[in-house]
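Chemist: From the sequence below, what's the structure:
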Amino acid sequence: MALGSWKSFNFFIVTPVKAIDESDNVPPLFEGADITALTSGSDTLFIGTSVGIVHVVNSAFKIVRSFPTYENDSEHVGSIRHIKQVEGTKLLVTVSEDLSTEPVLKVWALDKTERKTGLPRCQSTVTIQNGRRQFPISAFATTPSLSLVAVGFANGSIVLIRGDLIHDRGSKQRIIFESEEPITNLCFSPPPTTPNAHAHHGGFGPYRHTPAPDGGDTLYVSTIGRILTLITAGKGTGQPRVLEPQGCGPGCMKPAVDFSSEEKGLAGEGSDIVVARDDAIYFYGPNGRGACYAYEGPKEMVHIFKNYVALVSPPASQPSTAPKSGGMTGTLKRLVGRGVATTVTEDPFDVTKFTLLDTELKFVAHSERLISGVKQVFSTWGDLFVLTFDGKVHRYHEVSLQEKLGILYARNLYIPAINLAQKAGVGEAKLRAIYRRYADYLYGKGDWDGSMQWYIKAIGKSNEEGVSTVIRKFLDTQRIHNLIEYLEELHMHDIATSDHTTLLLNCYAKLKDIEKLEKFIKVSSGEGLKFDVDTAIAMCRQAGYYEQAVYLAERQGEHEAVVGILVENLGKVDEALGYTKRLEPEIAYSSLMRYARTFLQEVPQQTTDFFIEYYTGRYIARKKEEPGAQMQHQEGRIQSYLNASLLQQLPYMGGGGQLEISDSAGGEGGTVPLDLPAPYKPPKPRTAFSSFVDHAKEFVEFLENVLETAREGVLSEGDRVDIYTTLFEMYLQRANEAKTKEEKQQWETKAKGIIEDKETSIDTSNVLLLSHLSNFRDGTVLVREQQGLRFDIFRSCCSAGDTAGAVRALKKYGAEEPQLYVAALSYFTSSPKVLADVGEAELQRVLKVIDEQGLMKPLQVVQTLSTNAVATVGMVKRYLGDTIEKERREIENNRRMIETYKTETEKKKAEIEDLGSKPSVFQSQRCLACSLQLELPTVHFLCKHSFHQRCLNNVDDNPECPTCSASNQTIRTLRKAQDEYADRHEYFNSQLQESRDKLGTVSEFFGKGVMAAPPVFN
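Modeler: As a prediction, this is how the structure comes out:
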């Protein structure tokens, strides 16, 4: 690529170097000094002079140290033609030359001094042998470790010195190359960064052998006629390999690495060296020529600074150093270092040109014309320096990256700015800012498509705030395609918000681009959805793309949304119910309850079966069947289906897993995996009641099936009561809605069965209320019967005017509830119609029972019958006659009992009187305890019983007859109880209330002494 098409910038600030204490003058070090060699390294500048003196210069361009390269005048070996500092060490290499003697190479340790002279210590000295041929040194190169030193001569020979020059452990040198052309440059291959550092450029392969750690395995040689390589690794050098049949002038070949900088240099060009010739700039590697850049004009010097190539082009009047230009004489003069120094030319247009090139990004970083010729180019302290023949030093300081970008922005050169930023390794955030700036520039020029491409590249997490600005720029309908592209990229970068998703889907809907819409939502498996799915689903539903909304919801696991779209938008209720059956228990329950009424309206039987299965704990999530899978192995799995159906009827076991059942027709496997219910807790049945509004038939089926689990002990007591109560209500509702008497009787029988079932635990008040509201008298009767409310049953029949029912209740409950006869007497004689319905025989039976059981006094019966004129005297004549006769017999019996009690009382009083006033005669001759003949001491009791004193257990002041003690104790206990009853008035009242004969009860308590006055003690 020709340099004429490269952009030219000014990325360097040029300032003349002046001494600190002499700010207006050039440092005296360079002004008029006979400098023959110059090098830099380790933040220090080293200058060699023609008199063999080395000056060490600091960053202030002050000589901090000077020392001769010879010990005495007799040892003077000439001027210093080459000098090199080993980077990162305190070692300095000098090559002194005097054509009268052999050149001398010395290695100096600057951190060590000689005790006598105070000069740096010379580590080793080597006399360079050129076969006793007196030719000047034209080129010099070393490896970083000084293990190899190559010296080229003007006669075309190269001497390779190998050994430990640092510790002076000996070295060997030999001539490894000879030619008829003078050697112009020597370079060792730089240390490799990777084994295949050259493999990615120009199609070059890796090294043919393992590179040396510090480089030097290949020696690059240039003459005035060709460029070649010599292998220095190993003992031999092998045959030289010609890389190019054209050579270059001295100073026009350099390593493609700046050892003084931390940057990689130009090693990325795929080559080890850079060569400047009159037609172009070439890069070479061990396998041949790499990249080249056409640049016409003579070249005098090349230098690598960081990632730049510095070129020095001589004035047009000066002949070229290239052989084809006929400038051989000038080249030889430069080789031997005795050419006439270029001075300030009198022609203002005949000047030296100094150029800095960035070959990677292909632009000119700096270009300048110098009146005086360039003597040396060196880099140190982070800057590039140029020493001219008039003794002036120019500093070239590279501006910051931000200043470079500012220069490029000012010229609207955004592509070079982007390349420059990428090369500098700036962060992604700053790089995206440049993209955004370039996109704004293109948008201002009206390049919508181009600007959108760069807006897309500027998308990132760090500049999300600028997204809205870009979107507003492309909201015009004419640019909707650009907007779609941008929004799609936002979703791909996972920084889109719900508003962006909404806008993108609106754009698709506006263009009616179904293909793009499906491509947007149906991403390939594994990539994941890079947008707000909820927003996308809502927008698809709003725009009418229901199938896409279903796909998105199902893909994202939004199962409720899937069911909602199928039911509300597509009207596919059957399919929605089937999808719900494939969900996990907790999710299926939510969808089922939300759309239960719709399911029951459209597919009542399937929905009812689903409710029963779920609420009985037998729910198993179905698997989605592929097309055609339904008929697969159908004939061979009939038995398995039956087994699965039977298994679902088993009680809920609370476990999950699979059960293998035998399948004789199922193929080679012999078993069929049968899914068991996943462990989940069935909800309370009450939660499903509201779903069955207006679906009484399905509701009854649901409740009856759930009750089956209640008998298995799965439901709690509260749930059982809820179900029984609701089912009772539904039975009554179905009975009232029945169109035939048989159907109504059937439902009422079921309702009675619930009441009569002892396991129902249904609340009585609920049954009574529901029976009353539904006019179900049998239910009321059954409940009152169960609770012993027989009087209420009879009273309800009387209130309803059901005389036959009242008679039935009287016959059924009269034995257990005698007071019903009293109420029946009043009811039967309440009206002539009731009495006619009952009949005189039934009235006589009631009167007989009342009389036999003493339920009413005859006077009370008469008073009851006399309240109205329904009953006649003839109806109760027989009753009254029997009652009077009975009373007469009872009075006669009472009189006889009174006479008997009086006689017994008088007799007892007489006995007591005799005991107190007359002596008692004891005639017993034997002891009642031992049956032996009585003998003194003897104890006689007034009850006529006698005992030996020894036979009595206790003889004290109040002895008691052992024979009569039991009866006496009983009497005392009864008396004590009577005394206690005298204070227990509540007991007397309760007995009086419960007694049928009130007067008899009072007499009984009076006879027991309960009502006697308490004794008075003085």
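
Chemist: Tell me how the chain divides into domains.
Modeler: 404-584, 790-871, 872-914 (the TED database).

Chemist: May I ask which helix or strand encompasses Glu913?
Modeler: If you go by DSSP states H and E, Glu913 is part of helix 873-917.

Chemist: circling back: of all the domains of the chain, which one comes closest to Ser5?
Modeler: domain 404-584 (12.8 Å; Cβ to Cβ). For the C-beta atoms, the positions are set from N, CA and C on the backbone; glycine is no exception.

Chemist: Quick check: end-to-end length of the closest one?
Modeler: 63 Å (Cα to Cα, to the nearest Å).

Chemist: packing partners for whatever helix or strand Val151 lives in?
Modeler: In this assignment (DSSP H and E), Val151 forms part of strand 148-153. Secondary-structure packing of strand 148-153 (3 or more Cβ pairs under 8 Å, 6 or more residues apart in numbering; DSSP states H and E): strand 137-142, strand 158-163, strand 183-188.

Chemist: Val846: neighbour count?
Modeler: Burial of Val846 is recorded as 26 neighbouring residues (other Cβ atoms under 10 Å).

Chemist: Restrict the one helix or strand it maps to to CA atoms and write it as PDB.
Modeler: Secondary structure from DSSP H and E places Val846 in helix 840-853. Output of helix 840-853 as PDB, limited to C-alpha atoms (Å, rounded to 0.1, in the frame of the first residue of the first chain):
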ATOM      1  CA  GLU A 840    -113.600 -41.100  69.400                       C
ATOM      2  CA  ALA A 841    -111.600 -44.300  69.800                       C
ATOM      3  CA  GLU A 842    -108.300 -42.500  69.700                       C
ATOM      4  CA  LEU A 843    -109.600 -39.900  72.200                       C
ATOM      5  CA  GLN A 844    -110.600 -42.700  74.600                       C
ATOM      6  CA  ARG A 845    -107.100 -44.200  74.200                       C
ATOM      7  CA  VAL A 846    -105.500 -40.900  75.100                       C
ATOM      8  CA  LEU A 847    -107.700 -40.500  78.100                       C
ATOM      9  CA  LYS A 848    -106.900 -44.100  79.200                       C
ATOM     10  CA  VAL A 849    -103.200 -43.500  79.000                       C
ATOM     11  CA  ILE A 850    -103.500 -40.200  80.900                       C
ATOM     12  CA  ASP A 851    -105.400 -42.000  83.600                       C
ATOM     13  CA  GLU A 852    -103.200 -45.000  83.800                       C
ATOM     14  CA  GLN A 853    -100.000 -43.000  83.900                       C
END
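
Chemist: list the buried ones in that helix?
Modeler: Under the neighbour-count criterion of 16 or more other Cβ atoms under 10 Å, helix 840-853 has Glu842, Leu843, Arg845, Val846, Leu847, Val849, Ile850, Asp851 buried.

Chemist: following that helix, which helix or strand shows up next?
Modeler: Scanning forward in sequence from helix 840-853 by DSSP H and E, the next helix or strand is helix 858-865.

Chemist: Output the below-cut-off pLDDT ranges for the stretch 901-1018 of the chain.
Modeler: Applying pLDDT under 70 to the stretch 901-1018 of the chain flags the ranges 954-957, 996, 1008-1018.

Chemist: Enumerate the helices of it by residue range, in sequence order.
Modeler: 965-983, 985-994, 998-1007 (DSSP state H, counting those that start in this stretch).

Chemist: Same question for the stretch 551-700 of the chain.
Modeler: Using DSSP H, counting those that start in this stretch, helices in the stretch 551-700 of the chain cover 559-564, 573-580, 585-594, 596-602, 604-615, 638-648, 696-711.

Chemist: other SSEs contacting the third one?
Modeler: The elements that helix 585-594 packs onto, with contact taken as 3+ Cβ pairs under 8 Å, 6+ apart, are helix 559-564, helix 573-580, helix 604-615.

Chemist: sorry, back to before: now the helices and strands packed on strand 148-153 in JSON lines, with mean neighbour count and distance to Glu515?
Modeler: What follows is the helices and strands packed on strand 148-153, written out as JSON lines (neighbours: other Cβ atoms under 10 Å; distance: least, Cβ to Cβ, whole Å):
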{"stretch": "strand 137-142", "mean neighbour count": "23", "distance to Glu515": "66"}
{"stretch": "strand 158-163", "mean neighbour count": "20", "distance to Glu515": "71"}
{"stretch": "strand 183-188", "mean neighbour count": "25", "distance to Glu515": "61"}
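
Chemist: Redo those strands as a markdown table? Include distance to Gly216 and mean pLDDT.
Modeler: Output for those, formatted as a markdown table (distance: least, Cβ to Cβ, whole Å; pLDDT from 0 to 100):
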| stretch | distance to Gly216 | mean pLDDT |
| --- | --- | --- |
| strand 137-142 | 8 | 92 |
| strand 158-163 | 10 | 91 |
| strand 183-188 | 4 | 92 |
